[in-house]
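> Sequence unavailable; structure follows:
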């Protein structure tokens, strides 16, 4: 079988990593110096890397992050009570395997959403499914899903995510249906999957934000269990940079 036929079959089987690697090897003439085992190893490695990259890009697109943020871009020089050692520990992704939560609080402009997006994007790179939500939009989506009969499907989809990011938590009062929806989401994920919540409101005020005492107790008990806390302080970074 000639090389063109092999390339054609690779492309038809969507072995795109192998296709590109084999095509490059042929054009460079490197194939003459490679043994069969070396050639196979290079082609398999190329296919593996290509699939990993495509999966990461697919996860990043599906997450709908607020910012295209990365962990190396996080500013540790500005005084805002950000613990670099904690961020280093979180970057290994083990919190996702344990189903730990992350709670980020602090005044507006201190970088909560950026840090949340950076952690989420890093989780995608590590091979985890992530979904980012602005809380107000999430509660509207839950309301619409109830109305059109897709609520259970939507909840099941959220349950499959390795990490859910709930940003801008507590900016608006949480109404009854949204409160119950939030409890269901948190309950489904408790001890199994991770949830990151970012809020301007200190965690000791979240009971008031949630509203109904019994439901608030249930949500806070589950959210606070095995939670890493990032409590940012200081002035708005946006104002400083401006």
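Looks like it came in fine. Just so you know, these numbers come straight off a predicted model, no measurement behind them.
> Which element, helix or strand, includes residue 118?
Assigned by DSSP states H and E, residue 118 belongs to helix 112-125.
> ok now that helix, how far from the chain's centre?
Chain-centre distance of helix 112-125: 6 Å, with Cα atoms, centre = their mean, to the nearest Å.
> what sits up against that helix?
56, 59-60, 63, 65-71, 73-74, 82, 87, 90-91, 93, 96, 102, 104-106, 130, 132, 162-163, 165, 167-168, 196, 198-200, 230, 232 (Cβ atoms under 8 Å, 6 or more residues apart in numbering). For the C-beta atoms, the positions are set from N, CA and C on the backbone; glycine is no exception.
> can we see that at 7 Å?
56, 59-60, 63, 65-67, 69-71, 73-74, 90-91, 93, 96, 102, 104, 106, 130, 132, 162-163, 165, 167, 196, 198, 230, 232 (Cβ atoms under 7 Å, 6 or more residues apart in numbering).
> Now go through the residues you listed and say which are in helices.
Counting by DSSP state H, the contacts of helix 112-125 place 56, 59, 60, 63, 90, 96 in helices.
> For the protein, which segments are assigned as strands?
Per DSSP state E, the chain carries strands over the ranges 101-105, 130-134, 163-167, 194-199, 227-231.
> tell me the average confidence for the second one?
By that I understand strand 130-134. Mean pLDDT, computed over strand 130-134, is 96.
> again, but for the last one
The predicted model gives strand 227-231 an average pLDDT of 95.
> How far does that strand sit from its chain's centre?
17 Å.
> What residues of that strand count as buried?
227, 228, 230 (16 or more other Cβ atoms under 10 Å).
> surely the second one meets residue 96?
Pointing back at residue 228 there. No: here residue 228 does not reach residue 96: they are 11.5 Å apart, not a contact under Cβ atoms under 7 Å.
> on that earlier part again, how about the strands of the chain, which one is nearest residue 186?
Distance to residue 186, taken as Cβ to Cβ, is lowest for strand 194-199 among the strands of the chain, at 6.6 Å.
> what's in contact with the closest one?
With Cβ under 7 Å, 6+ apart as the criterion, strand 194-199 contacts 95-96, 99-105, 112-113, 116, 119, 162-167, 169-170, 186, 189, 223.
> Walk me through the domains of the protein.
Using automatic domain parsing, the domain ranges for the chain come out as 3-62, 66-241.
> From the chain's centroid, how far away is the first one?
For domain 3-62, the distance from its own C-alpha centre to the chain's C-alpha centre is 28 Å (Cα atoms, centre = their mean).
> Over to that domain now: how far is its first residue from its last?
37 Å (Cα to Cα, to the nearest Å).
> what is the rounded mean pLDDT of it?
pLDDT averaged over domain 3-62 gives 83.
> What's the per-residue pLDDT of residue 237 here?
At residue 237, the pLDDT recorded in the model is 66.
> what do you get for residue 216?
Here the pLDDT value assigned to residue 216 is 91.
> got it, and residue 171?
87.
> Give me the neighbour count for the nearest residue to residue 180 once chain neighbours are set aside.
Nearest in space to residue 180, with sequence neighbours left out and distances taken as Cβ to Cβ, 6 or more residues apart in numbering, is residue 215 at 7.1 Å. Neighbour count for residue 215, taken as other Cβ atoms under 10 Å: 17.
> Please convert the buried residues of strand 227-231 to JSON lines, extending it with distance to residue 175.
Output for these, formatted as JSON lines (distance: Cβ to Cβ, whole Å):
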{"residue": "227", "distance to residue 175": "25"}
{"residue": "228", "distance to residue 175": "29"}
{"residue": "230", "distance to residue 175": "28"}
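> so which of those comes closest to residue 16?
The nearest member of these to residue 16, counting by Cβ to Cβ, is residue 228 at 38.2 Å.
> Identify the residues contacting that closest one.
86, 90, 95, 100, 102.
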